[in-house]
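**Student:** Mind looking at a prediction? Sequence and model below.
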Number of protein chains: 2
Amino acid sequence: MKFGIFGSAQAKRGGPDTDSGAGFRDFVELNVEAEALGFVSSFLVEHHFTGFGQVSATLNLLTWVGARTTTLRLGTAVIVLPWHNPVLLAEQAATIDLLSDGRLDFGIGKGYRHNEFAGFCIPMEESDGRFEEALEVIVKAWTSDAPWSHRGKYWQFDNVVVEPPTAQKPHPPFWMGAGHPESIARVAERGHHLLLDQFAPIEQTGERIAIFKREVKARGRIFDPMTVAVTRSVHVVMTAAEKEKAVEVRMAARRRTERLAQRPDGQNKASIMSYAMTPEAAEESALYGTPDEIIAKIQTLERLGARYVLLNSAGGPETLRRFAREVMPVFAREPLLDTVG
Amino acid sequence: MKFGIFGSAQAKRGGPDTDSGAGFRDFVELNVEAEALGFVSSFLVEHHFTGFGQVSATLNLLTWVGARTTTLRLGTAVIVLPWHNPVLLAEQAATIDLLSDGRLDFGIGKGYRHNEFAGFCIPMEESDGRFEEALEVIVKAWTSDAPWSHRGKYWQFDNVVVEPPTAQKPHPPFWMGAGHPESIARVAERGHHLLLDQFAPIEQTGERIAIFKREVKARGRIFDPMTVAVTRSVHVVMTAAEKEKAVEVRMAARRRTERLAQRPDGQNKASIMSYAMTPEAAEESALYGTPDEIIAKIQTLERLGARYVLLNSAGGPETLRRFAREVMPVFAREPLLDTVG
């Protein structure tokens, strides 16, 4: 069982008394410490126009983290392709992959937040088309040593060779979030790795792993359990009152995201928008509790096929330290025989 | 007198035996050493589709350099605004400025190479319009705490607040290259800093400094000589034969750039394209020679008003080391009384 971290950092605008960089610097130090604690990766979000200082230039912050670390995999969760010129993005991602000696995990997505599409003045209906076209261009950019051209609906390039090359060959692994069975099948079909969200109940997460495994095998490929990363929120709390408070904070954050993501017509069909967020559900899908309670939940996830869990620490660095000290060692052994699916 | 460095790095595509990252890693180490040697800044190019591995994702490579250094100013020379989504670029630049605690020198340009416009399928005729619009958006993105919208010819944004904020207030300094007198006047009018190219003869460079100084003062502002950076190629060579060889290499590199930059109709009017590149001119505009010869040329530049010189080392790290040891100390004193212009 391997563990990584995922999340964001905050850089708040404000008056002359606000140190806007503190959140970014704390994030960098958290990553340096996470590597030392035994976490194998760090996945960083991309968001825009939230007004609460989320990370927008994901690859840039991740590049700084890369320069301060040596083994940590550098993940994006996820870069929203419809916002980006795919050639510039291919160059930026190749640059961090090259500088980090092949540590980039390139998580990509179509976007699901209404406020971001609105801000960029890109119709949400173009999301699929822009995603597919950008992905095609990026793969071509990374794998073509000879000049090529592209005449697409959204982008045109003429007679280009894109540099620098990536360190990983043929290119860094793509990771994609998916929840609906048909979306999971599509990730398998592409040969990408799968990111599972932090809100799905544990049982449903297990079903999704099984679907992905089946879909990969159905295409004649060997299933590598490290190609599925399950995201979970984690908080080491020792009392019922602490846990209740942590769940409340989780629900408030969730509501804030939903307000940004929802379309005016209420028709956002992304699977990540589909969960009832009752206190019970908010607690069930999170790893909130004593180290023993957290271990029990991860053992359930492991029985259901999970081998790679990405943690968002709602309890800050202290929770990651306790997790590394008291939870991680339990799973530092040969994985369970893989009998699922 | 202050000295910085400028240049590029190379990441060559190639077979399994090619270590594509070597050039980037060498560049990072060169910057770390340059800071230790007393250079105050590093300015990095942006180029695309050259086929010889120049730096494309400038801010990303510069971010890695930022994480490895502590005082070095991090400059771009220059980011070509017409290629970039101005909001994404504002986010990327703000991120490095924030992480580096305000060390970004944001050099911007309109682009002058035909092959890049052609590759991006952007008509070269749109260069001015795209530049002006992008610059307007970037300034708004960096300085607006309240939501704003933009309805331009090339870009639209609706009701956005761009994050993170920059560390430097109101924003990082803009630097612009210019050569024609009217272009220099326009840089002064914008309140930007001036980058002078490495090919102009020394006397002409002096004239340009004088024009800029006059134009700044004509607008009622105090002229700060550190707002003009003169770029020069440098190579410590001890014999006539070495110097001749260095000049030949310089001319070959210049011809390669001209081939990429020239338009099919031969009508590229950028001032950087205007120099006759005879061996004599190639030598006169470069700092090639013994330390004493180099000192003499820099003293001439200093008499003509230069206080800040950015060096591209054609002699690799060894030339920078000798420069720091044998040339820099001569200028480590109070500047000449500024009597020019």
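**Tutor:** Received it, and whenever you're ready, just let me know what you need. Numbers count the residues shown, from 1 in each chain, chains lettered A, B, ... in the order given.
**Student:** Please give the element, helix or strand, for the closest residue to A:Ile96 other than its chain neighbours.
**Tutor:** In space, and not counting its chain neighbours, A:Ile96 is closest to A:Thr63: 4.9 Å by C-beta to C-beta, 6 or more residues apart in numbering or on different chains. Glycine gets a C-beta too; all of them are placed from N, C-alpha and C. Taking DSSP states H and E as the criterion, A:Thr63 maps to helix A:58-68.
**Student:** So what touches stretch A:145-163?
**Tutor:** A:85-87, A:90-91, A:94, A:126, A:129-130, A:133-134, A:136-137, A:140-142, A:144, B:11, B:13, B:48-51, B:53-54, B:56, B:118-121 (C-beta atoms under 8 Å, 6 or more residues apart in numbering or on different chains).
**Student:** pLDDT on the following helix or strand past the helix holding A:Thr63, on average?
**Tutor:** Once the chain leaves helix A:58-68, the next helix or strand it forms, by DSSP H and E, is strand A:73-76. For strand A:73-76, mean pLDDT is 98.
**Student:** Please name every helix or strand in contact with the helix or strand just after strand A:73-76.
**Tutor:** Later in the chain than strand A:73-76, the nearest helix or strand by DSSP H and E is strand A:79-80. Of the remaining helices and strands, those touching strand A:79-80 by 3 or more C-beta pairs under 8 Å, 6 or more residues apart in numbering or on different chains; DSSP states H and E are strand A:104-109.
**Student:** Note down every partner strand of the strand it packs on and its orientation.
**Tutor:** strand A:73-76 (parallel), strand A:79-80 (parallel), strand A:174-177 (parallel) (DSSP bridges).
**Student:** ok now the first one, how far from the chain's centre?
**Tutor:** Using C-alpha atoms, centre = their mean, to the nearest Å, the mean C-alpha position of strand A:73-76 is found 8 Å from that of the whole chain.
**Student:** next one: the shortest one
**Tutor:** Taking the mean C-alpha point of strand A:79-80 and that of its whole chain, the gap between them comes to 10 Å (C-alpha atoms, centre = their mean).
**Student:** Who are the packing partners of the next helix or strand after that strand?
**Tutor:** Later in the chain than strand A:79-80, the nearest helix or strand by DSSP H and E is helix A:86-99. Contact here means 3+ C-beta pairs under 8 Å, 6+ apart; on that basis helix A:86-99 packs against helix A:58-68, strand A:104-109, helix A:127-143, helix B:22-37, helix B:58-68.
**Student:** what sits up against the following helix or strand past the second one?
**Tutor:** Counting by DSSP H and E, the next helix or strand C-terminal to strand A:104-109 is helix A:114-120. The contact list for helix A:114-120 (C-beta under 8 Å, 6+ apart) reads A:47-50, A:80, A:82-83, A:111, A:123-124, A:127, A:260-264, A:268, B:87, B:157-160.
**Student:** tell me the average confidence for helix A:114-120?
**Tutor:** 95.
**Student:** And the helix or strand hosting A:Arg214, what does it pack against?
**Tutor:** A:Arg214 is part of helix A:202-218, with elements assigned from DSSP H and E. Judged by 3+ C-beta pairs under 8 Å, 6+ apart, the packing partners of helix A:202-218 are helix A:181-190, strand A:193-196, strand A:228-236, helix A:291-303.
**Student:** That helix: which residues count as buried?
**Tutor:** The neighbour-count check on helix A:202-218 (16 or more other C-beta atoms under 10 Å in any protein chain shown) flags A:202, A:204-209, A:211-216 as buried.
**Student:** Residue of the stretch 201-341 of chain A nearest chain B, please.
**Tutor:** At 12.3 Å from chain B, A:Leu260 is the closest residue in the stretch 201-341 of chain A, using C-beta to the nearest C-beta.
**Student:** thought that residue was touching A:Phe52?
**Tutor:** No: assessed by C-beta atoms under 8 Å, A:Leu260 is found out of contact with A:Phe52, at 9.5 Å.
**Student:** on that earlier part again, could you dump the helices and strands packed on helix A:202-218 to TSV with mean pLDDT and distance to chain B?
**Tutor:** Putting the helices and strands packed on helix A:202-218 into TSV (pLDDT from 0 to 100; distance: least, C-beta to the nearest C-beta, whole Å) gives the following:
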stretch	mean pLDDT	distance to chain B
helix A:181-190	97	25
strand A:193-196	98	23
strand A:228-236	97	23
helix A:291-303	98	32
